[in-house]
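Q: Please find the sequence and the predicted model below.
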Amino acid sequence: MSGRKIFDSHFHIFDLEVRDAYPNQNISMGFPAPEQKAIHRNHTADEAENALATMEIKEAVFVQCYHDCPEEIDWVLKQFQGKTFVKGFVAGLDPAKHDKLKENIEKFSKVGSPKFVGIRHLIGLEDVDYSIQDSFIQGLKILADHGLTFDLHSYPDTIHHIPTIAEKVPNIKMVIDHIAKPYYHDQTAFKDWCDKMSLAAQCPNVYCKLSGLINEIPDWSAEKFQPYVEHCLKVFGVSRCFYGSDWPVCNLATPSIQYRDVVELLEKLTISLSETEKDDIFYNNAKKFYNIDQ
């Protein structure tokens, strides 16, 4: 790992009191839940910066926690003032709400630094067919017209909609966060997840974020994640996969971890790749996806 440049494509910060005061209270604002004891507290920009600095990471993208909540971005931008490690942000905007979407695209596009790179909507928390409604698709077309990306917060039961979305909006780049959160505890679900991810990967505008792994399996090990990551690398190819820590959610891992463990886990899972391929996964691909200047 020595000397490798890393771009963290997925980290969060949040303040529980600020969260509870957002005007559009919805199901996403139950995060973090009280039972998620390891992270049920405020997480600051300073703490995020220090966590990434343990691996000498100087470039990262903030990803929203709360959906349909532009107020979250107003708050985080204040926290990021003077923080040069934040190169971009993904806002929590609902593509189906076109007027609000356009208003906030215009607003956030003027920020400059960090760069407004795209949006995420937590489709896994909506009705299973929410993401294929015409209003949602039309909203993604608005995003595409502005050169913005879309992060797919999908669970296994919504992966099958991803090819439909990708084909209807072929000029938008989309990334599946956390490899769509497979049902790791249910090995009978593995083939179904593989089949759905393979179909999604056939769409050239769909990418895969190798993130959100370490906290998903108690008593985690690289071997337990190997078949999942191998499949993603096989069907998406190295050029459409990239690293994200999902800090501080990664700290829910058992046994407890340090930030270094998240990086080293993916190092073990990509050990068979060339150094050039690893550089793409850990650094180059995320910067290209989010249109961050080299």
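A: In hand now; what should we look at?

Q: Stretch 138-157: end-to-end distance?
A: 22 Å (Cα to Cα, to the nearest Å).

Q: I misspoke; the intended subject was stretch 183-203.
A: 23 Å.

Q: List of residues touching it?
A: Applying Cβ atoms under 8 Å, 6 or more residues apart in numbering, the external contacts of stretch 183-203 come out as 156, 159-160, 162-163, 166-167, 170, 176, 179-180, 182, 206, 208, 216-217, 224, 227-228, 231-232, 235-236, 240. Placement of C-beta: from N, CA and C, glycine included.

Q: same thing with stretch 281-288?
A: Residues contacting stretch 281-288 (Cβ under 8 Å, 6+ apart): 4-7, 9, 59, 61, 87, 207, 210, 238-244, 263, 266, 270, 273, 292, 294.

Q: just the buried members of those residues?
A: Among those, those classed as buried by 16 or more other Cβ atoms under 10 Å are 6-7, 9, 59, 61, 87, 207, 210, 238, 240-244, 263, 266, 270, 292.

Q: Filter those down to the ones in strands?
A: Under the assignment DSSP state E, the buried ones among the contacts of stretch 281-288 contribute Phe7, Ser9, Glu59, Val61, Lys87, Tyr207, Leu210, Cys241, Phe242, Tyr243 to strands.

Q: Could I get those residues in TSV, plus columns for pLDDT and distance to Gly124?
A: As requested, those are exported to TSV (pLDDT from 0 to 100; distance: Cβ to Cβ, whole Å):
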residue	pLDDT	distance to Gly124
Phe7	98	25
Ser9	98	19
Glu59	98	27
Val61	98	20
Lys87	98	26
Tyr207	98	18
Leu210	98	18
Cys241	98	20
Phe242	98	20
Tyr243	98	21
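
Q: Stretch 198-213: which residues count as buried?
A: 199-201, 203, 205-213.

Q: go on, stretch 99-117?
A: So, applying 16+ other Cβ under 10 Å, buried residues of stretch 99-117: Leu101, Asn104, Ile105, Phe108, Pro114, Lys115, Phe116, Val117.

Q: between those residues, which is nearest Leu140?
A: Closest to Leu140 out of the buried residues of stretch 99-117 is Leu101 (9.7 Å), distances taken as Cβ to Cβ.

Q: ok so that closest one is a helix residue?
A: Yes - Leu101 forms part of a helix when assessed by DSSP: H, G, I helix; E, B strand; the rest coil.

Q: Tell me which residues touch it, please.
A: Residues near Leu101 by Cβ under 8 Å, 6+ apart: Leu93, Asp94, Pro95, Ile119, Gly139, Ile142, Leu143.

Q: Next, format those as TSV and append distance to His67 and neighbour count.
A: Output for the contacts of Leu101, formatted as TSV (distance: Cβ to Cβ, whole Å; neighbours: other Cβ atoms under 10 Å):
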residue	distance to His67	neighbour count
Leu93	8	27
Asp94	7	22
Pro95	11	25
Ile119	9	28
Gly139	13	24
Ile142	17	16
Leu143	15	22
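
Q: so can I have JSON lines of those showing pLDDT and secondary structure?
A: Shown next, in JSON lines, are the contacts of Leu101 (pLDDT from 0 to 100; DSSP: H, G, I helix; E, B strand; the rest coil):
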{"residue": "Leu93", "pLDDT": "97", "secondary structure": "coil"}
{"residue": "Asp94", "pLDDT": "96", "secondary structure": "coil"}
{"residue": "Pro95", "pLDDT": "97", "secondary structure": "coil"}
{"residue": "Ile119", "pLDDT": "98", "secondary structure": "strand"}
{"residue": "Gly139", "pLDDT": "98", "secondary structure": "helix"}
{"residue": "Ile142", "pLDDT": "98", "secondary structure": "helix"}
{"residue": "Leu143", "pLDDT": "98", "secondary structure": "helix"}
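
Q: For the nearest residue to Cys232 once chain neighbours are set aside, which residues count as its bridge partners?
A: Spatial nearest neighbour of Cys232, chain neighbours left out: Cys208 (4.9 Å); criterion: Cβ to Cβ, 6 or more residues apart in numbering. Cys208 has these beta-bridge partners by DSSP bridges: Ile176, Cys241.

Q: Quick check, Cys208 in contact with Lys173.
A: No - Cys208 is not in contact with Lys173 according to Cβ atoms under 8 Å; the separation is 12.0 Å.
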